[in-house]
Every structure is written in structure tokens, then in C-alpha cells.
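J.: What follows is a predicted protein model with its sequence.
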Amino acid sequence: MQLQARMQVRSAGPRRAAAAVPVRAMAGSRFADVAQAPPDPILGVSEAFRASTDPNKLNLGVGAYRDEQLKPVVLSVVKKAESKIFSRNENKEYLTIEGLDAFRKATVDLLLGAGHPAIKEGRVAVVQSLSGTGSLRVGAAFIARFMKGATVYLSNPTWGNHRNIFGDEGVEWKYYRYFDADTVGLDFKGMTEDLQAAPPGSVVVLHGCAHNPTGIDPTKEQWAAIADLCKERNLMPFFDVAYQGFATGDLDKDAYAPRLFVERGLEIMVAQSYSKNLGLYGERVGALVMVLSDKEAASRCLSQLKRLARALYSNPPTHGARIAAEVVNDKELFEEWKGEMRGMAGRIERVRGELQRSLESKYPAKDWSFITKQIGMFSFTGLTPAQVDNMTNKHAIFMTRDGRISLAGLNSAKVEYLADAIVDSVRNH
Ligand code: PLA
């Protein structure tokens, strides 16, 4: 009886409320005022590519590695690691908030080099997170909470999602000059002037290697000067390491910049991704790493990173982390992986050369040498939005509107087709 009475009282509530609020007509959604979001500038290109029925279509938008047949690749080391993992018959329990320990160790070893003093001294905080993007986002949340009012400086141009990641966390961001279109090189003077002018305590996002979209990295001397500048001006370097192994084909060489900063006594934040170098795009494997001055700071920061991650996604996924840990921590697989990475970087390098030569023969009046000067997955062609539209609408070559092409999606068979389309677009638009 009592229970029934309580239930009646409870159910009376909403009915009374419903009577008090005028009932809306069912014709429209309550979300009728929500505006349509624009397609993502990069992933939207893949959507458009899938929708195209043109038999010649070519997807040079997203930076995802393809083989000579333009098919996605699962690395042989990944298959081997998976079969080892499956044979262990592991469970699907939650990981801890900070992630798989073997993975966390592997990831820091990859970044700093195994046995680095910072690791031995326990002053590295690391949380496994949702690939590069999720790791950047956890970093952005940390900045929003513990570096209140700090401005984040992004290179102009940069990977388009950086603005969303920091902006959505309510972190103010500004650009520093980076690319010099005239020289198709680094505007080092502009970059250092802008960073000199940044208020102390600002954050500087730096691409660890293979800058996206320009393919232009600072030289060793320039990296040293940037490190000194960060130190003098008390700026916090935040490295986005999404392409370790893809710039030179060598994991250690590609970690030069963050290692140098640590050597020079700077504290750094790093977002690491295994999407590209292990081809684990859809598994969402990465980490947010903080290399700090002492163990106590590392312990406190880790506790707060966990607090932030807990509310964002609770704990990270298991499968990809097991694969990465298996590959990096196993001597044989690690060596084999390096070979496969050199193979991927080498194929991109080769089509770069082929594209440059083809363009030089079709349009000798123009200097195309920038194509092989740029490194990593992309070429920043300098094509204007109108020229890009011609590439896509007339030639079914899908690419981002900033003029970037992913050479990871090009093969020798398509080089000439691409070169013809570029020449047509440059000449006629
Ligand atoms: N940082 C940079 C500089 C990137 O280029 C990318 C991916 C990421 C982080 C994040 O990748 P992850 O979350 O998979 O680790 N950039 C791609 C894909 C390859 C994308 O836009 O998401 C690109 O085409 O630019």
C-alpha cells in the first residue's frame, strides 16, 4: 500500500508539470536551432572521396599510409604481436586510469631512449590516452586547470584540429609565424620574434618532427635556439609527436627535438601517437607524457592527469596498447618494426622524387624542388583553394583545401595523373 501511494505521488509530479508547461506542437525538434556543423577539413575529405564514383579518384587527404596498390597496411609486426597476445588469452578487464604499464614504459623509452636519466629519476608522468588527439586533449585539459590564463601558441599553419582541441577546452590560442611561402621554408625570424613576445608562462605547441602540413622542420641549430628561447622566456614546450619514424625512417633521429629540450633542463609535455608509425589508426593508441624536474612534481601531475582522464573517458582501450608494448619491448619485433618503418618512409620518399621529376618535365618553368625538401607524409603544394577545387571537381583528386597532399596515398602508377592535374590547376586557375 505504502509503496503504491509513493509511486502515485511520484508519478503525479511530471503530470502536474506537464500541465503547467504549454505543450509544444510535435512538428519540430527541440534542436531545430542547432546549426549544421561544417564537414571536418581533413576527415570530411575522406567522406567526399568515399561518395565519389569517379574511377580515377585518388584520396590524398588524410595522412594514412597505403601500399603501392593503395591499400591500407597492417604491419607484419602488428600481426605477430596480435597472435602472441591472442595465445595468452588475456581478459578484457578495465585497465587502470593511467593505462597499461608495459605500454607506458615502452612509450617513454621510445620518446627519451631507454635508460634515460629522467626515467631512472622517476620524473616522467605518463598516461596512456586515446592516440595523439586524446593525449593532446588531456594536455589541454591540464593546461586549462593548472595553467589558468595561459595562452597556447600554435604554428601558422598547423594541423587543423589543434585549434579545436585547445579551443574546446576554453584555452586561448594564438599563432606564431612558421611557414615562409616565398622560400617554402621556415620563417625562423618570424617564429622567434613571436615567441619572444609571448607572455612568460605561455605554452608553445611544437611538432616533434615532420611538421604537418608544411613538411618543414627546424634544423638542429634552430631547435637549440628555440629551446634556449623557451628557457629564457619561461615558455612551456608541448610537443606533438605524431610521426616519430616517419620523418627520417629512424625513431631516434625523429625524437631529436624533445630529447634536446630535456637535456637542456626544460620541462616538457608530449602527446605521442602510434597511429602512423605502427599503423594503429583505428585502435587509438598514444600517451600524454610530462617530463618534469623532480619526482614529486611527476607524482602530483600524474595524479591530476588521472583525475582529468577519469572524467573524460575513464580508462584507455587495451588492445592497441598491448600491441605497441609487445612490439617495443620485444627485441626481435622492435628491430623488425624499424625495418617496416623504413620501408614506409622509403616508399613515400620515392614517390616524392617521382612526383617532382614528373612536374619538372611537364612544367619546367616552375621550381618544384620544394617537394623533396619537405619531409614526412605530406607535401604542402601552395595550391590555392580555387586550384584545389579544380583538382577535386575536375580530376577527382581529393585533398585538403590548404593545398596539402598526403604522399602516403600516392603510388607510382598515379604520379603522372597527379602531375597532370597539378599542372592543369596551376596553369588554368
Ligand atoms: N597531431 C598531428 C600533427 C597530426 O597530424 C595528427 C593526425 C594527430 C596529432 C592525431 O592523430 P591520432 O589521433 O590518430 O594519433 N593527422 C591526420 C589525421 C593524419 C587527422 O586529421 O586526424 C591528418 O591527416 O592530418
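T.: Now that the structure is in, tell me what you want to look at. Numbers count the residues shown, from 1 in each chain.
J.: Which pLDDT value does the model give D182?
T.: With respect to pLDDT, D182 scores 88.
J.: Name the residues of the stretch 151-300 of the chain found near the ligand, please.
T.: Within the stretch 151-300 of the chain, the positions lying close to the ligand (C-beta under 6 Å from any ligand atom) are W159, N161, H207, N212, D240, A242, S273, S275, Y281, G286. For the C-beta atoms, the positions are set from N, CA and C on the backbone; glycine is no exception.
J.: Just these: which are in strands?
T.: H207, D240, S273, G286 (DSSP state E).
J.: of those, closest to the ligand?
T.: S273 (3.1 Å; C-beta to the nearest ligand atom).
J.: mind listing what that closest one touches?
T.: By C-beta atoms under 8 Å, 6 or more residues apart in numbering, the residues touching S273 are S131, G132, T133, S135, V241, A242, V285, G286.
J.: for S369, same thing?
T.: Q356.
J.: re the thing from before, turn the contacts of S273 into a markdown table, columns for pLDDT, distance to R66 and neighbour count.
T.: Below are the contacts of S273 laid out as a markdown table (pLDDT from 0 to 100; distance: C-beta to C-beta, whole Å; neighbours: other C-beta atoms under 10 Å):
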| residue | pLDDT | distance to R66 | neighbour count |
| --- | --- | --- | --- |
| S131 | 98 | 19 | 25 |
| G132 | 98 | 20 | 26 |
| T133 | 98 | 21 | 21 |
| S135 | 98 | 25 | 33 |
| V241 | 98 | 22 | 27 |
| A242 | 98 | 18 | 28 |
| V285 | 98 | 20 | 32 |
| G286 | 98 | 21 | 32 |
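J.: nearest to D54, of the ones in strands among the residues of the stretch 151-300 of the chain next to the ligand?
T.: S273 (31.6 Å; C-beta to C-beta).
J.: about what we covered before: and the furthest pair within the residues of the stretch 151-300 of the chain next to the ligand?
T.: Farthest pair in those, by C-beta to C-beta: H207 and Y281, 18.5 Å.
J.: These two: which is more packed in?
T.: H207 (25 against 18; other C-beta atoms under 10 Å).
J.: Okay, and the beta partners of F179?
T.: L186 (DSSP bridges).
J.: Please look at it and L186 and confirm they touch.
T.: Yes. Applying C-beta atoms under 8 Å, one finds F179 in contact with L186, separated by 7.2 Å.
J.: okay, and the common contacts of these two?
T.: What both F179 and L186 touch, as defined by C-beta under 8 Å, 6+ apart, is the set I216.
J.: Would you mind naming the helix or strand containing R342?
T.: Using DSSP states H and E, R342 sits in helix 331-362.
J.: neighbouring contacts of the next helix-or-strand element following that helix?
T.: Going down the chain from helix 331-362, the next helix or strand is helix 370-373, by DSSP H and E. Applying C-beta under 8 Å, 6+ apart, the set of residues contacting helix 370-373 from outside is V184, G185, G215, I216, R352, G353, L355, Q356, L359, S379, F380, G382.
J.: Let me see the contact set for E416.
T.: Contacts of E416 by C-beta under 8 Å, 6+ apart are S358.
J.: Just the buried residues of the helix or strand where it lies, please?
T.: Under the criterion DSSP H and E, the helix or strand holding E416 is helix 412-428. Applying a neighbour-count criterion of 16 or more other C-beta atoms under 10 Å, one finds K414, V415, Y417, L418, A419, A421, I422, D424, S425, V426 buried in helix 412-428.
J.: In stretch 247-255, which residues are buried?
T.: So, applying 16+ other C-beta under 10 Å, buried residues of stretch 247-255: A247, T248, G249, L251, D254, A255.
J.: same deal with stretch 133-140?
T.: Going by 16+ other C-beta under 10 Å, stretch 133-140 has these buried residues: T133, G134, S135, L136, R137, V138, G139, A140.
J.: Do I have it right that S46 meets L60?
T.: No. Applying C-beta under 8 Å, one finds S46 not in contact with L60, separated by 10.6 Å.
J.: what do these two both touch?
T.: F398.
J.: now T183: how far from F378?
T.: Distance of T183 to F378, given as C-beta to C-beta, to the nearest Å: 18 Å.
J.: who's more crowded, these two?
T.: Higher neighbour count among T183 and F378: F378, with 25 against 11, using other C-beta under 10 Å.
J.: What's the per-residue pLDDT of F398 here?
T.: Reported pLDDT for F398: 97.
J.: Can you pull the phi/psi pair for F238?
T.: phi -120, psi 110 (degrees, to the nearest 10).
J.: Measure how buried it is and give me the count.
T.: F238: 24 neighbours (other C-beta under 10 Å).
J.: How about K220?
T.: 11.
J.: With the one 5 residues further on instead?
T.: Using other C-beta under 10 Å as the criterion, A225 is surrounded by 15 other residues.
J.: gap between it and A396?
T.: Applying C-beta to C-beta to A225 and A396 gives a distance of 44 Å.
J.: which residues of the stretch 1-150 of the chain fall in helices?
T.: 2-20, 43-51, 76-88, 101-112, 117-120, 131-146 (DSSP state H, counting those that start in this stretch).
J.: other SSEs contacting the fifth one?
T.: I take that to be helix 117-120. Secondary-structure packing of helix 117-120 (3 or more C-beta pairs under 8 Å, 6 or more residues apart in numbering; DSSP states H and E): helix 101-112.
J.: so how many other residues sit close to G382?
T.: 13.
J.: now L305
T.: 24.
J.: Just the element for it, please.
T.: Going by DSSP H and E, L305 is in helix 295-312.
J.: Name the next helix or strand following that helix along the chain.
T.: That would be, after helix 295-312 and using DSSP H and E, helix 319-329.
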